[in-house]
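A.B. asks: Next come a sequence and a model predicted from it.
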Amino acid sequence: MNKEKGGEERMAEVRVGSTESFDSALRRFKRACERAGILREVKRRKHYEKPSVKRKRKEIAAKKRQKRTSLEGRR
C-alpha cells in the first residue's frame, strides 16, 4: 500500500478479462505495482531509518535536484 499526499492508501489492482491470459495479466499487475511505488515503499521500510538520517537524505536529494534544474536552465 502506498500513502498518497492526501492520506489515501492505494493498492495495485488488475481486473482480468475472461479471454486474457495469465501472463498478460501478471505483466499488467507488475506495471501497476511499479506505478504505485509499492516495491520502493517496501524497500524503504525494510530497515528503520532514524529521523536525522532521513532528514540528511532528503537534504542531499534536494541539493541534487536543485543542481540539476540550475544546469538545465543554463542550456
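C.D. replies: Received it, and whenever you're ready, just let me know what you need.
A.B. asks: which residues touch C33?
C.D. replies: The contact partners of C33, by Cβ atoms under 8 Å, 6 or more residues apart in numbering, come to 12, 39. Any C-beta I mention is one placed from the backbone N, CA and C, and that applies to glycine too.
A.B. asks: Determine which residue lies closest to the centroid of this protein.
C.D. replies: By Cα atoms, centre = their mean, the mean C-alpha position of the chain lies nearest to G37, the distance being 2.8 Å.
A.B. asks: Ramachandran angles for it?
C.D. replies: Main-chain dihedrals, G37, degrees, to the nearest 10: phi 80, psi 30.
A.B. asks: K58 now?
C.D. replies: According to degrees, to the nearest 10, K58 has phi -70, psi -40.
A.B. asks: Next one: it from R40, what distance?
C.D. replies: 15 Å (Cβ to Cβ, to the nearest Å).
A.B. asks: Ok, V14 next?
C.D. replies: 19 Å.
A.B. asks: who has more neighbours, the two?
C.D. replies: Neighbour totals were compared for V14 and R40, and V14 leads with 15 against 12 (other Cβ atoms under 10 Å).
A.B. asks: Low-confidence ranges, this protein, go.
C.D. replies: 1-10, 75 (pLDDT under 70).
A.B. asks: so what's the residue lying closest to F29 once chain neighbours are set aside up against?
C.D. replies: Spatially, and ignoring its direct neighbours in sequence, F29 is nearest to V14 (4.5 Å; Cβ to Cβ, 6 or more residues apart in numbering). The contact partners of V14, taken as Cβ under 8 Å, 6+ apart, are 25, 28-29, 32.
A.B. asks: what about M11, how many neighbours?
C.D. replies: Using other Cβ under 10 Å: M11 sits among 10 other residues.
A.B. asks: for K46, same thing?
C.D. replies: 8.
A.B. asks: That one and G37: what is the separation?
C.D. replies: Counting by Cβ to Cβ, the separation of K46 from G37 is 14 Å.
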